[in-house]
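Enquirer: what follows is a predicted protein model with its sequence.
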Amino acid sequence: MKRITSVSSMLLILIFLMIASANLAHTAPQSVTVNNVKINYIKQGEGDEVIVFVHGYSGALGNWKSVLELLPKEYHAYALDLRGFGQSEKPGSYQLTEMVEDIYAFSQELGIEKFTYVGHSLGGKIGYQFALDHPEVLKAMVLAAPAPAHDFIPQDQQAGFIDMVTSAFGSPEGIRAFFGQTAKPPSEELLNELINDAMMADPTAKEECAVWWVGTNLEPQLKDIRIPTLIVAGAKDDIPVDWGRRYANEIKGCRFEVLEDSDHFIPMKSPQEFVDLLTSFIGDVTKQ
């Protein structure tokens, strides 16, 4: 009897390990080379509904961990590290157009014909430009706390602001001090994640991205976006909610939602609410 029990236990352990290995293989980081840059990514789920997740400034694909855990498996999801960030290669050049073309080439290399673009913060500003440059591959676009599309810093103050941001994100101490001044500082756990992500990033990437984040005014072009779009803002974000509403009014038919209990870190702090809005929006677009 003991031998049968032992064998049964071993079989159960083996089955568990096989299942666990399959899940790990499904979500294990992979890479693809596009535009001569190796891009790190993970994927999960199956089905025809494809979503590509793009992180924010000094972030990495891990920023989407909580969202991906809650996303129904019938959605075929990809989350990538932008060039210069996370585990992707650091080629030394990080212009907005390069970020856009990397994502486009990523989709083409993986045979993705149509997808929903989901961007957080800086990934939101990249999303605006992507929708302008490559609308043919987009089914929809969902932006969580997108970075400002307009000139929110006077030109004569931009250099100082960029120096402040790059300096703050150049060390763990600087990042702690930076977020300690925000309206709703992140938890210690989230703060440590943000620090780890920022320390993986190429300093040149942080500097160049800060330049076009601050200095590129895309607001006049928002009226030309014709992709079904949802903008989600956090009521407690340091970026004014009215800015997100302002951008939504510029994009034809854009839906605008506010999460009252969230701030800038919507994917990390309000993942269930965000997933609910995301899947409902994609469902509505599919019905059109």
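Expert: Perfect, I can see it now.
Enquirer: in the stretch 101-250 of the chain, which spans are strands?
Expert: 115-120, 138-144, 229-234 (DSSP state E, counting those that start in this stretch).
Enquirer: how about TSV for these, with distance to residue 127 added?
Expert: Every C-beta, even on glycine, is put in place using the N, C-alpha and C of the backbone. Below are these laid out as TSV (distance: least, Cβ to Cβ, whole Å):
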stretch	distance to residue 127
strand 115-120	4
strand 138-144	5
strand 229-234	9
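Enquirer: tell me which of those strands approaches residue 28 most closely.
Expert: Nearest to residue 28, of all these, is strand 115-120, at 21.0 Å by Cβ to Cβ.
Enquirer: any idea how far residue 165 is from the nearest residue to residue 34 once chain neighbours are set aside?
Expert: Once flanking residues are discounted, residue 34 sits nearest to residue 105: 3.7 Å by Cβ to Cβ, 6 or more residues apart in numbering. Per Cβ to Cβ, to the nearest Å, residue 105 is found 28 Å from residue 165.
Enquirer: repeat that for residue 267.
Expert: As judged by Cβ to Cβ, residue 267 and residue 165 stand 21 Å apart.
Enquirer: which one's more surrounded, these two?
Expert: A count of neighbours by other Cβ atoms under 10 Å puts residue 267 above the other of residue 267 and residue 165, at 27 against 21.
Enquirer: what about the nearest residue to residue 119 once chain neighbours are set aside, neighbour count?
Expert: Spatial nearest neighbour of residue 119, excluding adjacent residues (Cβ to Cβ, 6+ apart): residue 127 at 3.9 Å. When neighbours are counted by other Cβ under 10 Å, residue 127 registers 29.
Enquirer: which stretches of the stretch 1-150 of the chain have low pLDDT?
Expert: Low-confidence segments of the stretch 1-150 of the chain, defined by pLDDT under 70, span residues 1-26.
Enquirer: ok, now which ones touch the residue nearest to residue 223 when sequence neighbours are not counted?
Expert: Using Cβ to Cβ, 6+ apart and skipping residues adjacent in sequence, the residue nearest residue 223 is residue 250, 5.4 Å away. Shown in contact with residue 250 (Cβ atoms under 8 Å, 6 or more residues apart in numbering): 219, 222, 223.
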